[in-house]
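Asker: Build me a structure from this.
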Amino acid sequence: MIEHYWAAFAELIAVPFEHVTLVWGIVPLYFGLLLNEVTADKANFRTALQTGFSFLWAGAQWLWPCFVPHAAHGRYLELNAMLPVNLLVTFLTIVFGVVALVSGIRKKYPRHLRFIGHTRFGTYFMITIFPMQSHCLSWTWDRFLAIAVLAVPIWLLLHFGLMPVRNR
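Answerer: Residues are numbered from 1 along each chain as shown. Predicted coordinates for the structure are as follows:
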């Protein structure tokens, strides 16, 4: 059973690199994840800035295809071009991105939202849902469960695997 989730996870990681248009969206997320993994473990306002940038970057990448060219008015936003799940995830990503960015700039978290300073899990989820949000793969329960089931093992692998280079 776990092999099935590994295969779904491998597909989620590989697909963005098979499409040139997605590389510009996914590479900054990987860079943000690695940058945070080799720095401090604790959430702080710098990591809130990283989280905000990563979330806004991903949200912008997912929203851009919804801007449809119109001859008389230039581009306009056509939200019915997205499935409801894609629209909801994009909206939540942008909202959390703005809150994290503002929190990092103000150096103050909103009540009960200190978790937005933790970049690791947020960026992990942005990377793994990126192909589904970019309409290269469809949202399925198998892919969703692969992301959820493998979140802790991947985090442990990154945490302990990069421990020798952290905080040098």
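Asker: for His4, what are its contacts?
Answerer: Contacts for His4 (C-beta atoms under 8 Å, 6 or more residues apart in numbering) come out as Asp142, Ala146. For the C-beta atoms, the positions are set from N, CA and C on the backbone; glycine is no exception.
Asker: Use 18 as the first number from now on
Answerer: Taking 18 as the first residue, the last one we looked at is His21.
Asker: Doesn't it belong to a helix?
Answerer: Yes: His21 forms part of a helix when assessed by DSSP: H, G, I helix; E, B strand; the rest coil.
Asker: Check the gap between it and Arg128 for me.
Answerer: 41 Å (C-beta to C-beta, to the nearest Å).
Asker: How many residues are close by Val112?
Answerer: 12 (other C-beta atoms under 10 Å).
Asker: Equivalent analysis for Met18, please.
Answerer: Counted with other C-beta under 10 Å, the neighbours of Met18 add up to 5.
Asker: Please apply the same query to Lys124.
Answerer: For Lys124, the neighbour count with other C-beta under 10 Å is 10.
Asker: One more: Ala117?
Answerer: By the criterion of other C-beta under 10 Å, Ala117 has 29 neighbours.
Asker: Where do the strands of this protein begin and end?
Answerer: All strands of the chain, identified by DSSP state E, fall at 84-87, 91-94.
Asker: What's the mean pLDDT across the first one?
Answerer: Read that as strand 84-87. Summarised as a single mean, pLDDT over strand 84-87 is 69.
Asker: Surely Ile127 touches Val115?
Answerer: Quick fix: residue 127 reads Pro, not Ile. No: here Pro127 does not reach Val115: they are 11.3 Å apart, not a contact under C-beta atoms under 8 Å.
Asker: More neighbours: these two, which one.
Answerer: The neighbour comparison of Pro127 against Val115 (other C-beta under 10 Å) goes to Val115, with 14 against 11.
Asker: Quick check: the gap between the more buried one and Trp158.
Answerer: 30 Å.
Asker: same deal with Leu73?
Answerer: 28 Å.
Asker: Neighbour count: these two, which is higher?
Answerer: A direct count of neighbours by other C-beta under 10 Å for Leu73 and Trp158 places Leu73 higher, at 17 against 7.
Asker: Spatially nearest residue to the more buried one, not counting backbone neighbours?
Answerer: Gly114 (3.8 Å; C-beta to C-beta, 6 or more residues apart in numbering).
Asker: export the lengthiest helix in the chain as CSV, just CAs?
Answerer: Secondary structure of the chain per DSSP state H: the longest helix is helix 101-123. Provided in CSV are the C-alpha atoms of helix 101-123 (Å, rounded to 0.1, in the frame of the first residue of the first chain):
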residue,chain,number,x,y,z
PRO,A,101,-14.0,25.0,-6.9
VAL,A,102,-11.2,23.0,-5.1
ASN,A,103,-8.5,24.9,-7.0
LEU,A,104,-10.2,28.2,-6.4
LEU,A,105,-10.5,27.5,-2.6
VAL,A,106,-6.9,26.4,-2.3
THR,A,107,-5.6,29.3,-4.3
PHE,A,108,-7.7,31.8,-2.3
LEU,A,109,-6.5,30.3,1.1
THR,A,110,-2.9,30.3,-0.1
ILE,A,111,-3.0,34.0,-1.1
VAL,A,112,-4.8,34.9,2.2
PHE,A,113,-2.2,33.0,4.3
GLY,A,114,0.6,34.5,2.2
VAL,A,115,-0.6,38.1,2.8
VAL,A,116,-1.0,37.4,6.5
ALA,A,117,2.4,35.8,6.8
LEU,A,118,4.1,38.6,4.8
VAL,A,119,2.4,41.3,6.9
SER,A,120,3.3,39.5,10.1
GLY,A,121,6.9,39.3,9.1
ILE,A,122,7.1,43.0,8.2
ARG,A,123,5.2,44.1,11.3
